[in-house]
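Engineer: Sequence and computational prediction follow.
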Amino acid sequence: MEKQKIINVGVIAHVDAGKSTLVDALLKQSGVFRENETLIEQVMDSNDLERERGITIYSKNCAIRHEDIKINIVDTPGHADFSSEVERIMQTLDTVILLVDAAEGPMPQTRVVLKKSLEAGLRPILFINKIDKKDARALEVENMSFDLFSELGAEDEQLDFPIVYGVAKDGIATTELSQDSTDLTPLFDVILKHVDPYPDLSDENLQLQISQLGYDDYLGRLGMGRITKGTIKLGEKILVNKRNGTMQQAKISRLFVHEGLSRVEVDRAYAGDMAVIAGLSDVSIGETINNIDKPDPLPMIEIEKPTLQMTLLVNDSPFVGRSGHLVTTRQIRDRLHKELETNVGLEVKPLEGVEGFTVSGRGELHISILLENMRREGFELAVSKPRVLLKDIDGKTHEPFEHVRIHVPEDDTGTVISEMNHRRGVIQTMEITGDFATIKYLVPTRGLIGFRNFVINTTSGEGSIERSFEGYQPYAGNIDTTRKGVLISQNNGKTTAYSLFNLSERGIMFVPPMTEVYEGMIVGLHAKENDLVVNPIKGKQLTNVRSSGADEAIRVQAPRVFTLEEALEFINEDELVEITPDAIRLRKRLLKAHERKRDEKSKRHTT
């Protein structure tokens, strides 16, 4: 493989700002696809979950060519739960394209990804996307973005960022709003003008730091990173500077670089390029690869510690094994250990005396993505309520805080503000546009557990929230987020419309008629504070006595259906979410009513 001029570009943004769509357009206009090839939208989002949710979960690499320059593009996650991955990627880039919606402006997670890029010393390019929206306000968003740069402590050189306006969906960009454009040439021109190709350091000693991990069923663990200097060759013996300070010799068994959407095997790769290496069985993030006799490690990349923890238990419900085939502790343990091969932000520990594990991650989404993948693979699990991980800093307890942007109808702002204050939130800004209000808060992560459900219920589904991790701050004090009680099934069997119709007067139902339930399963939300044991399978008594109007058709309201994240937010400490391939059920930790009473009685005695 010949030497070439190389620029590495990252695409960063808030969720749903158009990152993957812009990458699609860049690939298309650089000739990666054949003319007769069927194009798939968000082609980089290859994971089923990414396509369904419309978000990027895993960083992905591709490469395009413009003029005589190879441009490696990294499509990064937009959610704050994956910010540690974004931070690692920044070490391998020459610049980033920051996408901001022309109507919404900078969002909470825009702040997270931009902060990471500024801290890495990069000079971002601002791409104001979706300028074709009816409510687009590109110039105002430009000023808002500048204010965000300043607030995050950007250097003078970083504040002098180029601005490109465009519509990623249509593959057009322009440097002036008054100018028409038919393609992304103005964006390519800005990239080449804004950043120089990586200097040719291929003749120096090898230095490559691992910034991403991959896994291949045939090749094993893969290490990915930028060649800072030197040349790496297939079959070469190299030195790995380990995280624990030791050095280890290894051999490059396979070597790849990116061309278009593919990984192409090569016999050597040069300084500046992104290389993928096989043959390093236990390589980890931040470790540096050097020539065998020339150790020259780069500063170790710190992996951000988890902020949230959940307990994964073996499913012991009466329905165990009905839809899933992976239900044992050993199978769950093996799957979690496989996840640790690439998901370095995750921590897994076995529980003592119980068949289960504690899983710690960067946030609720970080862990729920793993659970959703396991569910689709055929696993059955029971999962506890998320718990925030506290830190001791200088002898004082600290907890994670988050920036929250709440978008609700103006009529509901009083209720939402009152609830957020109750959850120890501190209001930052509030602005009203039309009939809706946008409120920004700084709030403990503890206070956000269950808050999304509150917003949805209070606003009848019209409200929304976006959140991003800010950092650890002193413990905010006790937060009472007690929810109303639940309706608990006292029988095994199939629910009846007759019974659910009568129970709906007592609360909101979670199951439709003809659904199989078991004793201890949660079938609805009680209208009062206490839990209530009910009989959802009771049928109408048939008699020979006729009465006027007694046989009118029963109309049962549609049940409330939970996503996995909503279910995890909803449950209390004495409850679990049962996850199976075909269902998400809520249940009590103790299924028998007399066991729950005994447990409650013992807790009262101990306190």
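Structural biologist: Yep, it's here.

Engineer: From now on I want contacts and neighbour counts done on CA atoms only, so please keep to that.
Structural biologist: Fine.

Engineer: Give the phi and psi angles for Ile522, as a check.
Structural biologist: Comment: the main-chain dihedrals of Ile522 come out as phi -90, psi 120, following degrees, to the nearest 10.

Engineer: check contacts around the nearest residue to it once chain neighbours are set aside.
Structural biologist: Across the structure, with Cα to Cα, 6 or more residues apart in numbering as the measure, the residue nearest Ile522 apart from its sequence neighbours is Ile488 (4.6 Å). Contacts were defined as Cα atoms under 8 Å, 6 or more residues apart in numbering; by that measure Ile488 touches Glu519, Gly520, Met521, Ile522, Val523, Gly524, Asp531, Leu532, Val533, Val534.

Engineer: What is the nearest of those residues to Val354?
Structural biologist: For the contacts of Ile488, the minimum distance to Val354 (Cα to Cα) is 20.1 Å, reached by Gly520.

Engineer: I'd like to know how many residues surround the residue nearest to that closest one when sequence neighbours are not counted.
Structural biologist: Closest residue to Gly520 apart from its sequence neighbours, by Cα to Cα, 6+ apart: Leu591 at 4.1 Å. The burial metric for Leu591, expressed as a neighbour count using other Cα atoms under 10 Å, is 21.

Engineer: quick one: contacts for Leu591?
Structural biologist: By Cα under 8 Å, 6+ apart, the contact set of Leu591 is Glu519, Gly520, Met521.

Engineer: returning to what we had before: could you confirm the residue nearest to Ile522 falls within a strand?
Structural biologist: Yes - following the definition DSSP: H, G, I helix; E, B strand; the rest coil, Ile488 is counted among the residues of a strand.

Engineer: Mind pulling the model confidence for it?
Structural biologist: At Ile488 the predicted local confidence, pLDDT, stands at 95.

Engineer: swap in Asn453?
Structural biologist: At Asn453, the pLDDT value in this model is 74.

Engineer: Make 747 the starting number, not 1.
Structural biologist: Happy to do that; since the first residue is 747 now, the last one works out to Asn1199.

Engineer: Give the helix, strand or coil label for it.
Structural biologist: helix.

Engineer: Glu1311 is in contact with that one, correct?
Structural biologist: No - contact criterion Cα atoms under 8 Å: Asn1199 and Glu1311 do not qualify, at 10.0 Å.

Engineer: about what we covered before: pretty sure the residue nearest to Gly1266 is in a strand, no?
Structural biologist: No - judged by three-state DSSP, Leu1337 forms no part of a strand; its state is coil.

Engineer: can you pull the pLDDT of it?
Structural biologist: Turning to Leu1337, the model gives it a pLDDT of 92.

Engineer: Likewise for Tyr1221?
Structural biologist: Listed pLDDT for Tyr1221 reads 91.

Engineer: That one reaches Ile1139, doesn't it?
Structural biologist: No - under the criterion of Cα under 8 Å, Tyr1221 makes no contact with Ile1139, lying 10.7 Å away.

Engineer: Tell me the buried residues in stretch 1131-1143?
Structural biologist: Judged by neighbour count using 16 or more other Cα atoms under 10 Å, the buried positions of stretch 1131-1143 are Lys1131, Pro1132, Arg1133, Val1134, Leu1135, Leu1136, Lys1137.

Engineer: what do you get for stretch 1274-1287?
Structural biologist: Residues of stretch 1274-1287 classed as buried: Leu1278, Val1279, Val1280, Asn1281, Pro1282, Ile1283, Lys1284 (neighbour count, 16+ other Cα under 10 Å).

Engineer: and the residues you listed, which of them are in strands?
Structural biologist: Judged by DSSP state E, the buried residues of stretch 1274-1287 include Leu1278, Val1279, Val1280 as members of strands.

Engineer: show me what contacts the nearest residue to the first one once chain neighbours are set aside?
Structural biologist: Looking back up the chat, that one is Leu1278. Sequence neighbours aside, Leu1233 is the residue nearest to Leu1278 in space, at 5.0 Å (criterion: Cα to Cα, 6+ apart). Contacts here follow Cα under 8 Å, 6+ apart; on that basis Leu1233 touches Gly1253, Ile1268, Val1269, Gly1270, Leu1271, His1272, Asp1277, Leu1278, Val1279, Val1280.

Engineer: mind listing the helices for the stretch 1247-1353 of the chain?
Structural biologist: Here the stretch 1247-1353 of the chain has its helices, by DSSP state H, counting those that start in this stretch, at 1310-1316, 1339-1352.

Engineer: So what touches the first one?
Structural biologist: Residues outside helix 1310-1316 that contact it (Cα under 8 Å, 6+ apart) are 1110-1111, 1114, 1118, 1129-1132, 1195-1199, 1323, 1330, 1332.

Engineer: Return the item of those residues having minimum pLDDT.
Structural biologist: Sorting the contacts of helix 1310-1316 by confidence puts Asn1199 at the bottom, with a pLDDT of 74.

Engineer: on that earlier part again, present the helices of the stretch 1247-1353 of the chain as CSV; the columns should include mean neighbour count.
Structural biologist: Rendered in CSV, the data for the helices of the stretch 1247-1353 of the chain read as follows (neighbours: other Cα atoms under 10 Å):
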stretch, mean neighbour count
helix 1310-1316, 19
helix 1339-1352, 11
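
Engineer: I'd like to know which of the ones you listed is closest to Asp1158.
Structural biologist: Between Asp1158 and the helices of the stretch 1247-1353 of the chain, the shortest gap by Cα to Cα is with helix 1310-1316, which sits at 20.9 Å.

Engineer: what about that closest one, distance to the chain center?
Structural biologist: 15 Å (Cα atoms, centre = their mean, to the nearest Å).

Engineer: now that helix: mean pLDDT?
Structural biologist: The predicted model assigns helix 1310-1316 a mean pLDDT of 87.

Engineer: just stretch 842-856 next, same as before
Structural biologist: The predicted confidence, averaged over stretch 842-856, sits at 86.

Engineer: Same question for stretch 995-1004.
Structural biologist: 91.

Engineer: Bridge partners for Gly1212, pull those for me.
Structural biologist: Small correction: residue 1212 is Glu, not Gly. Arg1151 (DSSP bridges).

Engineer: Neighbours of it, how many?
Structural biologist: If you count neighbours by other Cα under 10 Å, Glu1212 ends up with 19.

Engineer: doesn't Ile1152 make contact with it?
Structural biologist: Yes - judged on Cα under 8 Å, Glu1212 makes contact with Ile1152 at a distance of 6.7 Å.

Engineer: Could you confirm Ile835 falls within a helix?
Structural biologist: Yes - membership of Ile835 in a helix is supported by three-state DSSP.

Engineer: if I pick it, what's in contact with it?
Structural biologist: When contacts are counted by Cα under 8 Å, 6+ apart, Ile835 is found next to Ser957, Gln958.

Engineer: try Gly1099
Structural biologist: Taking Cα under 8 Å, 6+ apart as the definition of contact, Gly1099 has no neighbours.

Engineer: all helices of the stretch 847-996 of the chain, in order?
Structural biologist: With DSSP H, counting those that start in this stretch as the criterion, the stretch 847-996 of the chain has helices spanning 854-865, 884-897, 902-905, 931-940.

Engineer: Out of the ones you listed, which gets nearest to Val1100?
Structural biologist: Of all those, it is helix 854-865 that lies closest to Val1100, at 37.7 Å by Cα to Cα.

Engineer: So for the closest one, what gets flagged as buried?
Structural biologist: Buried residues in helix 854-865, counted by 16+ other Cα under 10 Å: Pro854, Gln855, Thr856, Arg857, Val858, Val859, Leu860, Lys861, Lys862, Ser863, Leu864.

Engineer: Let me know the closest of those residues to Pro943.
Structural biologist: Using Cα to Cα, those come closest to Pro943 at Ser863, 18.4 Å.

Engineer: nearest spatial neighbour of that closest one, skipping sequence neighbours?
Structural biologist: For Ser863, the nearest residue in space outside its immediate sequence neighbours is Met836; the separation is 6.1 Å by Cα to Cα, 6+ apart.

Engineer: can you pull the contacts of the one you found?
Structural biologist: For Met836, the contacting residues are Gly756, Lys862, Ser863, Ala866, by Cα under 8 Å, 6+ apart.
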